[in-house]
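Engineer: Quick one, fold the following:
(3 chains)
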Amino acid sequence: MVKTDEEIEGAVNPTLNPFRLQPVEIVGLKQVTSDVKTYTLRLADGSHFRFLPGQFNMVSVIGIGEAAISMSSDPDELEAIERGTWQHTVRQVGNVTKALDRLQVGDRFFIRGPYGNGWPPGYPLQRVGASRDLAVIAGGVGLAPLRPVVCRRLARKTGRLEILYGARTPEDMLFRDEFRTWAQGGARLMLTADKIADGADWPYRVGLVTALLDEMEILPGQGHIFVCGPEVMMKSVVRELTERGWPPEEVFLSLERRMECGQKTCGRCQVDAVYVCQDGPVFSYAVVKELLGVDI
Amino acid sequence: MTAQADKLKMAVFKFTSCSGCQTPFLNMETEILDLADHVDIACFAMASSATRPGPYDLTFVEGGISCEEDVRRINMVRQESKILVGIGNCAVYGGPQALRNFMSLEDLKRTVYPQPDLIHCFPTCKGIADYVPVDGFVNGCPVDQGHLQDYIVSVLLGKSPEVSSRSVCLECKMKENICLIVAEGVACMGVVTGAGCGALCPSFDRGCYGCFGPSADPNLNSFANLCRELGLTEDEINRKLRCIVNNAKAFREEVERHVPQPVKG
Amino acid sequence: MPRKVMQGLAGEDAVVERTVFNDIVTGLQERGYTVYGTVNEKGAGIFRPLGDAGEFSLRCTGGTMPPKDLWYPPFETLFTYDRQTGEFHTDIEETRHAVFGIRPCDVHALLALDEVFLGGEYQDPYYRARRVDLPLIVFNCVEAGDTCFCSSMGTGPGLDHDYDLLITDLGRSNGEGSERFLLEVGSSRGGELARGLRGEAAVDEDYQVKKRRLQETAAGERITLNTGDLPRLMHNGHDHPYWREVTDKCFGCANCTSVCPTCYCADIFDETDFSLRETRRKRRWSWCFLVEFGAVHGGNFREERIDRLRQFMQHKLNFSMGQYGFFHCVGCGRCIVWCPANIDIAQTGRVIRGDA
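Structural biologist: Numbering: from 1, shown residues only, chains lettered A, B, ... in the order given. I've put the predicted structure just below:
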C-alpha cells in the first residue's frame, strides 16, 4: 500500500485518460421490439474496436449522461471485423437510452470501454464454455449480452448449446428473427412468455423461464450455464439449478448494478468486496451466493 | 437565433402564493438573453402583461390551491401544458398558508378579517398535485434560480431533471460549517430536510427551518427524539414541524403521531 | 549526554523548537507550495491555506473535515465539450499543495485513496495531478481525541512511513523550559526542507521519549475496537438485530460519510450551461447513504435505510479488507463526532463482533 511519488508517477501514463471518449457512428439501426433497438456502430476514426462477449461500454450522449450497455454482437464475426463494426441492443428506459432512441443512421455519440470481465475467463479458448456443453438462460433484454456467446458457440460448432429464453410477452423477445438460424445451427431453443395475447399463435410455453428447466438435456457435470436477466429471475433460476444438482462453480451470472465510471473508482457498483464493473459483471454462482447485498 | 416556432414555449402561472418563486425568473438578468435563444416566454404575467394563449410546452406553476377559482384555473393550465411543473413550497405542499389546514377556518377568518363573510376559500390549501397530475417539482421556499435553470436546460436537452436525496447536512459539510446540532445543541432540521438552499440558515448559525421540505427518506421519529434530548417540549417539536413546510406528508405525519390533534370547528 | 547544537541542520533528524514551524511553512511557500494546516475556527479545526505557521493550531488534532479535498475535491470537471464545434477540452492541472500538520490516520486514508485511484487497472489522471507533488508534514499525536481509535485500526498515533517530515511533540524537559519537538526526515524532499533549520541533533533518548509519548496516547484512547478476525465476524453479523437498532436512530443524512477521509464514491454527471453552448462532464462526491446511490432503472439495490447504513459500516470494517487488504476505517473518529444521532461505528463493530 505504501508508494513513493516516483512509483505513483511511473505507474501512470500521463497521456492516457480513462475518461476520454471515443466518437462512434451509427451505421445500422434495427427495431428489435417496440422499445428495443439494435445499433450497429463503428469507431469514427476507423480503428477496430475489440471486446469480449459479456463486456460493456459506458455510452455517452453528451449533455444527457452515460449508461453502461453491454455489447450484443459476436466480436469474432469476420464480416464485422472487416467492417470494424459491433452492436449494442438497447431498451429505452432511462435518459441516455431514450436519447439514443432519437438518433438516426449517420449520427454520432460517444463511448468509452470496453469494461468488465465478460463471460468466463478466456472464453472461448479455455476450458470453460469451449469444448463442453453450454446452456444459456436469459430473461427479457438479458439475452443481449448472451447473444455474442450464442453466435460464437454456433460458429465453432463445439459441444451442445441450449438456449432457454423467457420474456414478458412473445413481442418482448429479442432477436426473434434469428431463432431459426440458431436452431438450424444446432442450438436447442426453448422459449416461454409470461403471458400471451388471446388467440396468439404461440407454440411454445407460457410461464416463467424456470418452467423450461425440466426440458434441459444438458445435465450437471456435462457443461456450464450462463444466466442473465432480472435479479429476481436469476434468483429463482439458480435455486432450481441447485436443486437439480448443478454445482455453483459451473453456473455463471451477469449482475446488474449502477455504474458511473467502469474503473473501480466511483464505488457505485460495489457489492460486498467486489466491484461489479471490473471484477464482474460475470460471476460464478459460487461467488455470488457468498456476497452480502445480493439477493440471489 | 432559433426560429420562434422551434423554441420551447414556456409559461409561468401563479396561484395562492407570495410571488417569491417567480422572482428568480426575473433575476435571470444576464441568463435571460441566453434563454431567449431557446425559449419563448409566452405567458408570464409578472414580467409582461402581453400574454399569449397555450398550449405551452413547459409550464411552471407557483402557489397552492386554496379556492374554487384556483381549481378551475389549475385544470385549465394542466390542459394547456405538455409539461407541468410545480415550483416552491406552495405548489408542492400548500405553503405556509396550509397552516390553516390544522385550524378552524371560521376562527381564522374572524381573527384576521373585519368582514369574514367576504372571504370565500377552502378550509385547506394544498399542493397542485392534489388536484391535477404534475410532471415534476422544484422545491424551495423560495426556489433557487439555479434549480429552475437546470430544469429548463434538462427539458431542452430531453432528459428528466435530477432529483437528489441530499440533505441540508451535506451542504453544510461542503461549506465546512460546524454542525449546529453537535456543537451547539440546536434542533436544526437540516438532518431531515432536502438540500437546495446551500445551507443558508446554518451558515448564519441558525438551525434549518425545513424550507425545502423533507429529504427523500427522512427519519422524523429520530428527529423528534433528538429534539426531546435537546430539551424541546412536545409543543415546541410540533411548532418546529408545523412551520414553513407544514403540509409535507412526512412532517405532518410525525406531528400526528406524537401530538394530539387540535379539535376542528 | 552533551548535545551537538546545529546552527543549520544538514537534513537529518533533529530536536527543534516551535519557531522552526514557521521556517518549514515559509520554506514550502518559497518552493511554490500552497501550505494547508488546521486553524481554529469556532472551536473546531479546519484546514485552511496558512499565511504563516502562527495561524496553525496544534491542538486541532485531525480537523473537522479531513484534508481529502486537496487530492480529491468534492466537485471537479473531467472535460468540457463545446456543443457547437464538437471539441473536447480537458484541463488537468497539477496542483502544488502541501499539508502542514496532517495526522497519521489521515496519511493512512490518503494511502487508501492512492490504492483506489492509482492502484488499479485504470489510473485516475485527475487524482494523480494533485497527488504527485504533495509534501506531507505529519504531526504524530501526543494527545488522543475523545473519539480517536487509530491504535485499534493500526493507523496511529504514530507514523513510520510516507512522510516528508514527521514532528512529535516531546514536551518540555522536566516540565519546564521551552517546548521541544522531534523532527524526523522521511524523504529527500523532507531533507531539503529541514536543511538550514535551527536544532540539535536527535539522540536515542529523544526517540525513547517519542515512543513513550505515543504509547501513552494509544493507551489514552477511550474507544477501542478489536480488529482480529473482524471482516469474518462482520460478515457473519450482517443480520444482527443491532443494525435495526442503529438504523432507527440514523437520519441517513450522510454526515458520517461526508467527513470520512477514505470515502471516495462519486457521481459522474453532465452539466450544460443555460445557453446550451457547453457541457461539462463533472465528478462529485456521492455517498452510499443517498437513496439514489444504488438505484438502477426500475429498482434500487439498497432501498431501505438499513441497507445503506450497513453498506457504509460493512465497507469500512469488512468489504474494504477484501477489496484492498486493509480497512478503510482509519479510526479518525470524525463520523462519530459529527453524527447528529450519536451513532458510533466502533461501538457497532464491537456489538456485531460480540464484544459489547
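Engineer: Can you name the residues of chain B that neighbour chain C?
Structural biologist: With CB under 8 Å from any CB of the partner chain as the criterion, chain B comes near chain C at residues B:28, B:31, B:34-35, B:37-38, B:149, B:152-153, B:156-157, B:162-167, B:169-170, B:173-174, B:176, B:178-179, B:181-183, B:190-192, B:215-219, B:221-223, B:225-226. From N, CA and C alone the C-beta is placed, and that goes for glycine too.
Engineer: State whether residue C:151 is indeed within a strand.
Structural biologist: No: remark: residue C:151 does not belong to a strand; assigned using DSSP: H, G, I helix; E, B strand; the rest coil, it is helix.
Engineer: Let me know the pLDDT of it.
Structural biologist: You'll see residue C:151 listed with a pLDDT of 97.
Engineer: Now do the contacts for residue C:73.
Structural biologist: Counting by CB atoms under 8 Å, 6 or more residues apart in numbering or on different chains, residue C:73 touches residue C:130.
Engineer: Just to be sure, it is in a helix?
Structural biologist: No: assessed by three-state DSSP, residue C:73 does not belong to a helix; its assignment is coil.
Engineer: Excluding chain neighbours, give the residue nearest to the residue in the stretch 101-250 of chain B positioned nearest to chain A in space.
Structural biologist: At 4.1 Å from chain A, residue B:159 is the closest residue in the stretch 101-250 of chain B, using CB to the nearest CB. Leaving aside its chain neighbours, residue B:159 sits nearest to residue A:95 (4.1 Å; criterion: CB to CB, 6 or more residues apart in numbering or on different chains).
Engineer: How is residue C:36 assigned, secondary-structure-wise?
Structural biologist: From three-state DSSP, the assignment for residue C:36 is strand.
Engineer: Kindly state the beta-bridge partners for it.
Structural biologist: According to DSSP bridges, the residues that bridge with residue C:36 are residue C:49, residue C:99.
Engineer: Provide the count of other residues in contact range of it.
Structural biologist: Neighbour count for residue C:36, taken as other CB atoms under 10 Å in any protein chain shown: 22.
Engineer: Does it touch residue C:67 like I think?
Structural biologist: Yes: using CB atoms under 8 Å, residue C:36 makes contact with residue C:67 at a distance of 6.0 Å.
Engineer: Please list all residues in contact with residue B:207.
Structural biologist: B:180-181, B:186-190, B:201.
Engineer: now with 10 Å?
Structural biologist: When the contact criterion is CB atoms under 10 Å, 6 or more residues apart in numbering or on different chains, the partners of residue B:207 are B:180-181, B:184, B:186-190, B:201, B:240.
Engineer: Could you check how far it is from residue B:245?
Structural biologist: Using CB to CB, to the nearest Å, residue B:207 is found at 14 Å from residue B:245.
Engineer: what does residue C:116 give?
Structural biologist: 39 Å.
Engineer: Same question for residue B:36.
Structural biologist: Residue B:36 is 33 Å from residue B:245, by CB to CB.
Engineer: neighbour count winner among those two?
Structural biologist: Using other CB under 10 Å, the more surrounded residue of residue B:36 and residue B:245 is residue B:245, with 30 against 13.
Engineer: Which residue is the nearest non-sequential neighbour of that one?
Structural biologist: Nearest non-adjacent residue to residue B:245 (CB to CB, 6+ apart): residue B:213, at 4.7 Å.
Engineer: Would you mind listing what in the stretch 101-250 of chain B touches chain A?
Structural biologist: Counting by CB under 10 Å from any CB of the partner chain, the stretch 101-250 of chain B comes close to chain A at B:153-154, B:156-162.
Engineer: swap in the stretch 151-300 of chain C?
Structural biologist: So the stretch 151-300 of chain C meets chain A at C:161-162, C:164, C:187, C:189, C:231, C:234-235, C:238-239, C:263-272, C:276, C:278-281, C:283, C:286-288, C:292-300 (CB under 10 Å from any CB).
Engineer: Now intersect those with the strands, please.
Structural biologist: The strands in this structure, assigned by DSSP state E, contain C:266-272, C:278-281, C:283, C:295-296, C:299-300 from these.
Engineer: And the residues of the stretch 151-300 of chain C next to chain A, which of them are buried?
Structural biologist: The neighbour count (16 or more other CB atoms under 10 Å in any protein chain shown) marks C:162, C:164, C:187, C:189, C:231, C:234-235, C:263-272, C:276, C:279-281, C:283, C:286-288, C:292-296 as buried among these.
Engineer: Is chain A within reach of the helix or strand hosting residue C:313?
Structural biologist: Here residue C:313, judged by DSSP states H and E, is contained in helix C:305-314. Yes: Helix C:305-314 lies within reach of chain A by CB under 10 Å from any CB, at C:307, C:310-311, C:314.
Engineer: Can you tell me which helices and strands that helix packs against?
Structural biologist: If you count contacts as 3 or more CB pairs under 10 Å, 6 or more residues apart in numbering or on different chains; DSSP states H and E, helix C:305-314 packs onto helix C:230-236, helix C:242-249, helix C:255-258, helix C:345-353.
Engineer: And the residue of the stretch 251-356 of chain C closest to chain A?
Structural biologist: Closest approach of the stretch 251-356 of chain C to chain A (CB to the nearest CB) occurs at residue C:322, with a separation of 2.7 Å.
Engineer: Kindly give the local confidence score, pLDDT, for the closest residue to that residue other than its chain neighbours.
Structural biologist: Nearest-residue entry for residue C:322: residue A:273, 2.7 Å, with adjacent residues in sequence omitted and distances by CB to CB, 6+ apart. For residue A:273, the pLDDT comes out at 96.
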